[in-house]
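S.K.: Sequence and computational prediction follow.
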Amino acid sequence: MSILGFVGMGLVMGSFLTKDIKKLRFVNALGCIVFLAHGLLIQDPATVATNGALLAINGYRLVA
């Protein structure tokens, strides 16, 4: 389970290395999905809520 946390962390941190905002939001959204899965597996409501909200924001900004 902790491997998901590290993968999510890598994606979120890596997203901030991109110069293109669309790529940043896409990679960050992938990180949010991984962290969301991690939060569900470890049953951590704060992780689920935070990453669920961030995923919704990234998704909205990608389409808008």
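M.R.: Thanks, I have it.

S.K.: Okay, now the unreliable bits of this structure?
M.R.: 1 (pLDDT under 70).

S.K.: which residue is nearest the middle of it?
M.R.: By Cα atoms, centre = their mean, the chain has its centre lying nearest to residue 32, at 1.6 Å.

S.K.: Now do that one against residue 38, distance only.
M.R.: Using Cβ to Cβ, to the nearest Å, residue 32 is found at 10 Å from residue 38. C-beta: built from backbone N, CA, C; applies to glycine.

S.K.: Give the intersection of the neighbour lists for the two.
M.R.: residue 8 (Cβ atoms under 8 Å, 6 or more residues apart in numbering).

S.K.: now the helices for the protein?
M.R.: Along the chain, counting by DSSP state H, helices occupy 2-15, 21-42, 45-63.

S.K.: Deepest-packed of those, please.
M.R.: With neighbours taken as mean count of other Cβ atoms under 10 Å, those reach their highest mean count in helix 21-42, at a mean of 18.

S.K.: Between helix 2-15 and it, find me the angle.
M.R.: 160 degrees (axes from the mean of the first three to the mean of the last three Cα atoms, to 10 degrees).

S.K.: which helices and strands does helix 21-42 pack with?
M.R.: Counting contacts by 3 or more Cβ pairs under 8 Å, 6 or more residues apart in numbering; DSSP states H and E, helix 21-42 packs against helix 2-15, helix 45-63.
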